[in-house]
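**Q** 3D model of this:
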Amino acid sequence: MPSTRYSPAHFSRSVDLTLHRLRVGHGIPDSAAPIARIIERVTADSFQQRERDRMREEAAAVQQRYSNQALELCVSRIPAGMPKQASAEPIAATALLGGVACRGVPCSPALLSQMATHLRDHGVAALRRLPIARLLTILDQASLLWLDPSYEKRSLAIEAIHRWTGFSREMVIHSIDLEMRSSRRLDLWRTLWTELGNPRVLDGRAWCPSGESPCLAFGPSLIGAVFSSNIPALPHLTYMRGLAVKSPVLGKVASNEPIFAAQYIDTLIELCPELAPALAALWFPGGSQELESALLSQADCVIAYGSDSALQGLSRAIPPESRRLLHGHRMGFGAVDHRGLQDPELAKQMAYDFAVFDGQACLAPVVYFVETELSGAEALAQAVGRELQALATWLPARTMRPEDRAAREHKVQQWEVQAVFGSEALRVVRAPGRALHWAGLVSEGEYIPQQLGDRLFHIHCIRSLDDVVPHVRPFSRYLQNVALSATGPAREQLAVRLAGLGVSRVNRPGRMATPSMMWHHDGRLCIAELVRWADIA
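**A** Next comes the predicted model:
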């Protein structure tokens, strides 16, 4: 295992982590923001070029390492101390690009119930014996390892996830980097201090500013988790939050990305074998009601990602007394005033927001509202398209299934027909040539949400930033993430209005895909909502 102690490479990564924090604004107070932005501007070109070169080099090295090599992985992880299970069998899903096979331990309601009981009985005791400081150190060491290009599990996960999902190797690398860079020890300590007042309440009776007397805090005896596949490496967040409150986690991996969770569990157990009774991952087909009920019925807290319909089905299996953090369909967007349009970096920032995770994540914008006329927005769309073309040199688009590719092409054809025959308030721009590398819809008037992703984007013209709220109010229950480029009091006023409408994060263009551990995900305290308190005078 690579060392996490000081080395020149470690020092270089630490410098880049600092520059990354300045770029995305993690933990930068308002008083320091002007200085941070100056440093960011001065270092941006060299940092970004270094990032692009590193990703290309690592992707090429991973490709060469596993060239002509078939991969076979077990995606199940059984807690230590349980009886030996049946041999793993192929899961009922296949790799998009081939070359990787995934196996899983066969699931039954009896096995899931037995596993949940074991995690509650043995995992809780194992975690509560560990001081919170040690747990956060372990999580920090895990993040450092997963940021190290020489770490074998990282290389294996990059290649396997690429083959299974079709995401480019570079996109998988970028996703792992974004996840792990915001999951370091400082991030974890700050999150616990912010949400709990005093993390020491997880170790024993301690003073806390929010209690009437010294307090104890307890995480759930079992967290049941259901993962999605739209962001590579995302499952680590649930295991991390579980361990940060000393709670065992039993996760169901997604059919479309079953790989990362087991690899991350292995890292944690290698760093701290005492965690082995507290971490588990299993696969079974989604929609299996009997299995879902066995998974969730003993969980004190359920954390699940998925479509609204999938989460509605899961909800029926969650006991009424159990806590639940269900992350379903969400809508992000951007808004730019006429001054923001003068920013020479705007098109590049918008292209990044539309492209990262290939638009599959809830963090991706469904539209950018811009304060300009149709001709100005069309010129901006062409600039965004050119930036998407340039971005593809270091963050290539994913490989799509034939049916997804056909649906994408059909959507653009619909736009073009509407622009020619249906409305003068529509324009369509697209990549030159026959290949549909990217395409954009430009519109004005009534805002109608479009099905986007995979380098398709939408720019909607507005006369004033005041028009944004009426356009998005009908979708208030889905609002989440906003990129806002505006100046003066107008920015603050719009941000506050959007927050009141339901938005949980307002940032700048180019930052939509980079929330930190401290983000109030969907407007909630992700750590504090897990714990139960006891005041002990």
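**Q** Can you list the low-confidence ranges for this protein?
**A** Where the chain drops to pLDDT under 70, the residues are 1-14, 22-23, 25-27.
**Q** any idea how it splits into domains?
**A** Here the chain is described, according to automatic domain parsing, as comprising the domains 8-79+87-329, 331-507.
**Q** Among those, which comes closest to M518?
**A** Evaluated with Cβ to Cβ, these place domain 8-79+87-329 nearest to M518, the distance being 5.2 Å. Backbone N, C-alpha and C define where each C-beta goes, glycine included.
**Q** So which of the domains of the chain is nearest A537?
**A** Going by Cβ to Cβ, the one of the domains of the chain nearest A537 is domain 8-79+87-329, 4.0 Å.
**Q** Report the distance from the closest one to the chain centre.
**A** Averaging C-alpha positions (Cα atoms, centre = their mean, to the nearest Å) puts domain 8-79+87-329 10 Å from its chain's average.
**Q** longest helix of the protein?
**A** helix 33-65 (DSSP state H).
**Q** Remind me what that one packs against, helices and strands.
**A** Judged by 3 or more Cβ pairs under 8 Å, 6 or more residues apart in numbering; DSSP states H and E, helix 33-65 is in contact with helix 8-24, helix 152-165, helix 169-181.
**Q** need those helices in JSON lines with mean neighbour count and distance to L250, can you?
**A** Below are these laid out as JSON lines (neighbours: other Cβ atoms under 10 Å; distance: least, Cβ to Cβ, whole Å):
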{"stretch": "helix 8-24", "mean neighbour count": "16", "distance to L250": "31"}
{"stretch": "helix 152-165", "mean neighbour count": "23", "distance to L250": "21"}
{"stretch": "helix 169-181", "mean neighbour count": "23", "distance to L250": "21"}
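**Q** I figured S485 hits Q342, correct?
**A** No: if you go by Cβ atoms under 8 Å, S485 and Q342 don't touch, sitting 10.0 Å apart.
**Q** More neighbours: the two, which one.
**A** Counted by other Cβ atoms under 10 Å, S485 and Q342 do not tie: S485 has more neighbours, with 24 against 9.
**Q** quick one: contacts for the more buried one?
**A** With contact set as Cβ atoms under 8 Å, 6 or more residues apart in numbering, S485 has these partners: G334, A335, V336, D337, G340, D343, L346, R508, P509.
**Q** For it, give the beta-bridge partners.
**A** On the basis of DSSP bridges, S485 is bridged to V336.
**Q** Use 6 as the first number for this chain going forward.
**A** In the new numbering, first residue 6, that becomes S490.
**Q** Distance of it relative to L499?
**A** Taking Cβ to Cβ, to the nearest Å as the measure, S490 falls 11 Å from L499.
**Q** Ok, I137 next?
**A** For I137, the distance to L499 (Cβ to Cβ) stands at 39 Å.
**Q** repeat for L400
**A** Distance check for L400 against L499: by Cβ to Cβ, it reads 30 Å.
**Q** So which of the two has more stuff around it?
**A** Higher neighbour count among L400 and L499: L400, with 23 against 20, using other Cβ under 10 Å.
**Q** Look up how far E421 lies from the more buried one.
**A** Counting by Cβ to Cβ, the separation of L400 from E421 is 27 Å.
**Q** Also Q54?
**A** Distance from Q54 to E421, counting by Cβ to Cβ: 36 Å.
**Q** who's more crowded, these two?
**A** When neighbours are counted by other Cβ under 10 Å, Q54 and E421 differ, and E421 comes out ahead with 16 against 11.
**Q** excluding its backbone neighbours, what's nearest the more buried one?
**A** V433 (5.1 Å; Cβ to Cβ, 6 or more residues apart in numbering).
**Q** Relative to the strand or helix carrying that neighbour, what are the paired strands and their orientations?
**A** Counting by DSSP states H and E, the element that carries V433 is strand 431-435. In the sheet, strand 431-435 lines up against strand 444-448 (antiparallel) (DSSP bridges).
**Q** Report the inter-axis angle for the helix or strand following the strand it pairs with versus strand 431-435.
**A** Sequence-wise, the next helix or strand downstream of strand 444-448 (DSSP H and E) is strand 461-467. Calculated by axes from the mean of the first three to the mean of the last three Cα atoms, to 10 degrees, strand 461-467 forms an angle of 150 degrees with strand 431-435.
**Q** Tell me which other helices or strands strand 461-467 touches.
**A** In terms of contacts (3+ Cβ pairs under 8 Å, 6+ apart), strand 461-467 is packed against helix 351-360, strand 370-376, helix 379-396, helix 407-422, strand 444-448, helix 473-477.
**Q** Send me the fifth one as CSV with only the CA atoms.
**A** Think strand 444-448. C-alpha atoms of strand 444-448 as CSV (Å, rounded to 0.1, in the frame of the first residue of the first chain):
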residue,chain,number,x,y,z
ALA,A,444,-25.7,20.6,-29.4
GLY,A,445,-27.5,23.5,-27.7
LEU,A,446,-31.0,24.8,-27.6
VAL,A,447,-31.5,28.6,-27.4
SER,A,448,-34.9,29.9,-26.5
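**Q** mind listing the strands for the stretch 256-405 of the chain?
**A** Assignment of strands within the stretch 256-405 of the chain using DSSP state E, counting those that start in this stretch yields the ranges 284-287, 306-310, 328-332, 336-341, 370-376.
**Q** Include mean neighbour count when you put those into CSV, please.
**A** Listed next are the strands of the stretch 256-405 of the chain as CSV, based on neighbours: other Cβ atoms under 10 Å:
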stretch, mean neighbour count
strand 284-287, 27
strand 306-310, 24
strand 328-332, 18
strand 336-341, 26
strand 370-376, 24
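**Q** the helices in the stretch 156-305 of the chain, which residues?
**A** Using DSSP state H, counting those that start in this stretch, the helices assigned to the stretch 156-305 of the chain run over residues 157-170, 174-186, 190-201, 240-249, 265-276, 294-301.
**Q** Go through those helices and name the closest to A440.
**A** For the helices of the stretch 156-305 of the chain, the distance to A440 is smallest for helix 174-186, at 18.7 Å, taking Cβ to Cβ.
**Q** and for that closest one, what are the contacting residues?
**A** Outside helix 174-186, the residues within contact range by Cβ under 8 Å, 6+ apart are 22, 25-26, 60-61, 63-64, 67-68, 148-149, 151-152, 159, 162-164, 166-167, 172, 236-239, 241-242, 361-363, 399-401, 403, 518-519.
**Q** Just the buried subset of these, written out for PyMOL, thanks.
**A** In PyMOL, this line selects whichever of the contacts of helix 174-186 come out buried by 16 or more other Cβ atoms under 10 Å:
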select buried, resi 22+25+26+60+61+63+64+67+148+149+151+152+159+162+163+164+166+167+172+236+237+238+239+241+242+361+362+363+399+400+401+403+518+519
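**Q** Distance-wise, check the nearest residue in space to G104 that is not next to it in sequence relative to P237.
**A** With sequence-adjacent residues excluded and distances taken as Cβ to Cβ, 6+ apart, G104 is closest to R168, at 4.8 Å. Distance, R168 to P237, using Cβ to Cβ: 12 Å.
**Q** same deal with R26?
**A** Using Cβ to Cβ, R26 is found at 21 Å from P237.
**Q** ok, now which ones touch F289?
**A** By Cβ under 8 Å, 6+ apart, F289 lies in contact with G109, C112, K257, L296.
**Q** neighbours around the first one, how many?
**A** Using other Cβ under 10 Å, the number of residues around G109 comes to 23.
**Q** ok, it - contacts?
**A** Residues in contact with G109 (Cβ under 8 Å, 6+ apart) are C79, V80, S81, A93, E94, I96, P263, L287, W288, F289.
**Q** do the same with the third one
**A** By Cβ under 8 Å, 6+ apart, the residues touching K257 are G229, A230, V231, F232, A286, L287, W288, F289, E297, L300.
**Q** ok, then the element right after the helix or strand harbouring R108?
**A** Taking DSSP H and E as the definition, one finds R108 inside strand 105-109. Moving toward the C-terminus from strand 105-109, the next helix or strand (DSSP H and E) is helix 114-123.
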